[in-house]
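[1] have a look; sequence and predicted model below, questions after that.
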Amino acid sequence: GENVEQHPSTLSVQEGDSAVIKCTYSDSASNYFPWYKQELGKRPQLIIDIRSNVGEKKDQRIAVTLNKTAKHFSLHITETQPEDSAVYFCAFIGGGSYIPTFGRGTSLIVHP
Amino acid sequence: DTAVSQTPKYLVTQMGNDKSIKCEQNLGHDTMYWYKQDSKKFLKIMFSYNNKELIINETVPNRFSPKSPDKAHLNLHINSLELGDSAVYFCASSRGQNNRGYTFGSGTRLTVV
């Protein structure tokens, strides 16, 4: 079945450093790749997404890159701040389904 | 003015009871979902439903059942609650099969004692 692997499961950085979270997917027909941020006790919220016809997308301090050949996509956060601390989930929509498949999440901790 | 609202936010109940969690969306979306998030934060899809089809994750016990009175509501009924049902349950909705506007509800923390 469809699968997505997300690494690392935990990421600890100092304020101001960059953070990178990677996901690898299995379905080559996937066409939509969103990233969600879930703060403690709150709902997952979409922070950035990318479609399969684009290789990179940026929004201020966050960016997502997609390598369709290697079937992986990554979230990049620059100049991290303590408020970036949260669990981040990657997801993809396969070509044969409209139900997103979520990664297992990365707990990002930004130390002030 | 919440887009996807769930009630209750917290639910504490005893083993063996039957309970329901309600979900309503005012976004005009045509597809709604239920997820279970365990203590390790894994988001597991339970159900997906639009006006055409119900897709059930085959690993979900049949004690769980979705009920949709209309397009804006998808409620979750749970019979004979067990300790392992304790988790946070999220409702979500989206528009069309391209998943536009995928939005989660605020979650319901269920504790079975």
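    Looks like it came in fine. Numbering: from 1, shown residues only, chains lettered A, B, ... in the order given.
[2] packing partners for the lowest-mean-pLDDT helix or strand in chain A?
    The element with the least model confidence among the helices and strands of chain A, by mean pLDDT, DSSP states H and E, is strand A:101-102, at a mean of 88. Helices and strands touching strand A:101-102, by 3 or more CB pairs under 8 Å, 6 or more residues apart in numbering or on different chains; DSSP states H and E, are strand A:86-92. All C-beta atoms are positioned from the backbone trio N, CA, C, and that covers glycine.
[3] note down every partner strand of the strand it packs on and its orientation.
    Counting by DSSP bridges, the strands paired with strand A:86-92 are strand A:32-38 (antiparallel), strand A:101-102 (antiparallel), strand A:106-111 (antiparallel).
[4] what does chain A have sitting close to chain B?
    Within chain A, the positions adjacent to chain B are A:32, A:34, A:36, A:38, A:42-46, A:87, A:89, A:93, A:98-100, A:102, A:104-105, A:107 by CB under 8 Å from any CB of the partner chain.
[5] Serialize the strands paired with strand A:86-92 to a markdown table and add fields for mean neighbour count.
    What follows is those, written out as a markdown table (neighbours: other CB atoms under 10 Å in any protein chain shown):
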| stretch | mean neighbour count |
| --- | --- |
| strand A:32-38 | 22 |
| strand A:101-102 | 21 |
| strand A:106-111 | 17 |
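[6] coming back round to it: and the least confident helix or strand of chain A, how far out from the chain's middle?
    Counting by CA atoms, centre = their mean, to the nearest Å, strand A:101-102 is centred 11 Å from the centre of its parent chain.
[7] show me what the nearest residue to residue B:13 once chain neighbours are set aside is bridged to.
    Counting by CB to CB, 6 or more residues apart in numbering or on different chains, residue B:19 is the residue found nearest to residue B:13 once chain neighbours are left out, at 5.5 Å. Applying DSSP bridges to residue B:19 gives these bridge partners: residue B:78.
[8] for the residue nearest to residue A:28 when sequence neighbours are not counted, grab the count of nearby residues.
    For residue A:28, ignoring the flanking residues on the chain, the nearest one in space by CB to CB, 6+ apart is residue A:71 at 6.5 Å. Burial of residue A:71 is recorded as 16 neighbouring residues (other CB atoms under 10 Å in any protein chain shown).
[9] next one: the one 10 residues further on
    When neighbours are defined as other CB under 10 Å, residue A:81 has 12 of them.
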